[in-house]
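Participant: sequence first, predicted model second:
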Amino acid sequence: MPTTPPVWDPAQYLRHAGHRARPFADLLARVGDLPGSAPRVADLGCGPGNVTATLAERWPAARITGYDNSPQMLADAAAHAGPTPGGGRIDFTDADLRDWTPEQGAWDLIVSNATLQWVPGHLDAFPAWLDGLAPGGTLAFQVPHNMDAPLHVLMRELAEGPGWKARLGGVLRAADSVHDPAVYLDRLAGLGCAADVWETTYLHVLDGEDAVLDWVGGTGLRPALTALDGDPGARDAFVAEYRDLLRTAYPRAAYGTVLPFRRLFAVARKGA
């Protein structure tokens, strides 16, 4: 993980909001009933708040808190804050998930969408997070599991190459902080949960020129862009080299550019 947290661009991230929201909807579809009639829900890594707001559609009376450590993302998320039509409420607050610890029994659902890959050692946080659930509560998350995909491999190889290593060496994650599905199943079941763990590979059909670059510019490329902030010439040169590599790896078809994207899901229900 980079020593300097990446600076996020909510507008760039939301350019592919529909594709990014679909895995969250698929995750929630596997979450069963929650113990509280007005459940308390924590959204870890809420980003710009657009998917956090969908939690109120599933649980209209829920009291929902979104947590993020990006000022840019929280500023956008504020537009979704306030009372909900079903009598619940959405709030957002700053938190670093590397040391976030919930109060015991405070939450009916702790959910996280495409965030834990940025939190090395997140397996070690599971006991405290599960302690934070009410009996019968649920921990549910999804994470990208595709660090071996060309968009990541090519970015790392370029950053570690002779032209960029002095500026970007070590900035990008060299290894995946996401574990194999069996690791999550074993850990969550070992902590006394009824666990459901699976993977899905989405074939996202993206529109526009250099669509994969546009996609990754809102997520995995952010650490490199942050490291080159203040030097527009170097930033543009790196992006141009990376763009050319992506054009070869992900050729554009008449109907769009296909981006295969593997994600890992886990839903763990705490014993009652």
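Facilitator: Sure thing, it's come through. In this text, all values refer to a predicted model and were calculated from it rather than measured experimentally.
Participant: what sits against Arg15?
Facilitator: The contact partners of Arg15, by Cβ atoms under 8 Å, 6 or more residues apart in numbering, come to 214, 218. All C-beta atoms are positioned from the backbone trio N, CA, C, and that covers glycine.
Participant: repeat for Ala224
Facilitator: Counting by Cβ under 8 Å, 6+ apart, Ala224 makes contact with 155, 159, 168, 171-172, 238.
Participant: so who does Arg167 touch?
Facilitator: Arg167 makes contacts with 227-228, 234, as judged by Cβ under 8 Å, 6+ apart.
Participant: buried ones among the residues you listed?
Facilitator: 227-228 (16 or more other Cβ atoms under 10 Å).
Participant: report how many residues lie close to Ala159.
Facilitator: Around Ala159 there are 22 other residues, counting by other Cβ atoms under 10 Å.
Participant: next one: it relative to Val216, how far apart?
Facilitator: Distance of Ala159 to Val216, computed by Cβ to Cβ, to the nearest Å: 13 Å.
Participant: and for Asp186?
Facilitator: Using Cβ to Cβ, Asp186 is found at 31 Å from Val216.
Participant: what sits against Thr138?
Facilitator: With contact set as Cβ under 8 Å, 6+ apart, Thr138 has these partners: 31-32, 34, 108-111, 267-270.
Participant: export the helix or strand hosting it to PDB, keeping only CA atoms.
Facilitator: Using DSSP states H and E, Thr138 sits within strand 133-144. Only the C-alpha atoms of strand 133-144 are listed here, as PDB (Å, rounded to 0.1, in the frame of the first residue of the first chain):
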ATOM      1  CA  LEU A 133     -22.400  -7.100  15.200                       C
ATOM      2  CA  ALA A 134     -25.600  -7.800  17.100                       C
ATOM      3  CA  PRO A 135     -26.500 -11.500  17.400                       C
ATOM      4  CA  GLY A 136     -27.700 -12.600  14.000                       C
ATOM      5  CA  GLY A 137     -26.000  -9.700  12.300                       C
ATOM      6  CA  THR A 138     -24.100  -9.900   9.000                       C
ATOM      7  CA  LEU A 139     -20.700  -9.000   7.700                       C
ATOM      8  CA  ALA A 140     -20.800  -8.700   3.900                       C
ATOM      9  CA  PHE A 141     -18.200  -7.500   1.500                       C
ATOM     10  CA  GLN A 142     -16.900  -7.700  -2.100                       C
ATOM     11  CA  VAL A 143     -13.400  -6.900  -3.400                       C
ATOM     12  CA  PRO A 144     -11.700  -7.000  -6.800                       C
END
